[in-house]
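Q: Below are the sequence and a predicted model for it; my questions follow.
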Amino acid sequence: MSDTLAIPNPRTLLTADHERIEDQLDELKNAAEAGVDSRTLCEIWHRVEHGLLAHLRAEEDLLFPRFRAEHAGIWASLRFDHERIRSMLSEIGLQVELHVVHAHTLLEIVALLRRHKETEDHTLHRWLEEIAHDPEGHRLVEQVEAAIEE
């Protein structure tokens, strides 16, 4: 099989991961609204937090260094979003620990993630798709895929 056929589509890969994270946040919101026990709520939260942090780390560690060199302005905006997302994760984590998850906080992070995904799709994801067929780009896509699936 040729290398070209083995390359996962970067946009599809990263968009699917964004959608998975959003689904998990919906699951957390629904569980909190249903008043599930603390243990179950914490288990759902840990999946959300683990997946979202893995996604952020994959982008920051693997993609941002090269992307920044070519698109510093957009990189700064994406990096700022990541900082806001991490801040909101801390807030939600505290709410989960106290078993007082506020729907408006979850809706706020989902809205932020949706805006962020749109920006990334037109910038970072498009850039990765463009470089995915050169050897270094191919490696980046494979590394991102492995990192977000951990």
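A: Looks like it came in fine.

Q: How far does stretch 63-70 sit from its chain's centre?
A: With Cα atoms, centre = their mean, to the nearest Å as the basis, stretch 63-70 stands 17 Å off its chain's centre.

Q: Excluding its own residues, what touches it? List them.
A: Stretch 63-70 has contacts (Cβ atoms under 8 Å, 6 or more residues apart in numbering) with 74-75, 78-79, 124, 127-128, 136, 140, 144. Glycine gets a C-beta too; all of them are placed from N, C-alpha and C.

Q: For Val101, see how far away Pro8 is.
A: Plainly put, Pro8 is 34 Å away from Val101 if you go by Cβ to Cβ, to the nearest Å.

Q: which of those two has more neighbours?
A: Val101 (21 against 15; other Cβ atoms under 10 Å).

Q: Could you pull up phi and psi at the more buried one?
A: Per-residue torsions, Val101: phi -70, psi 130 (degrees, to the nearest 10).

Q: give the contact list for the residue nearest the centre of the chain.
A: In the chain, the residue lying closest to the centroid (Cα atoms, centre = their mean) is His55, at 4.1 Å. For His55, the contacting residues are 14, 17-18, 21, 148, by Cβ under 8 Å, 6+ apart.

Q: rerun at 7 Å
A: Residues near His55 by Cβ atoms under 7 Å, 6 or more residues apart in numbering: 17, 21, 148.

Q: Among these, name the ones in helices.
A: 17, 21, 148 (DSSP state H).

Q: Highest neighbour count among these?
A: Per-residue neighbour counts (other Cβ under 10 Å) across the ones in helices among the contacts of His55 peak at Ile21, which has 23 neighbours.
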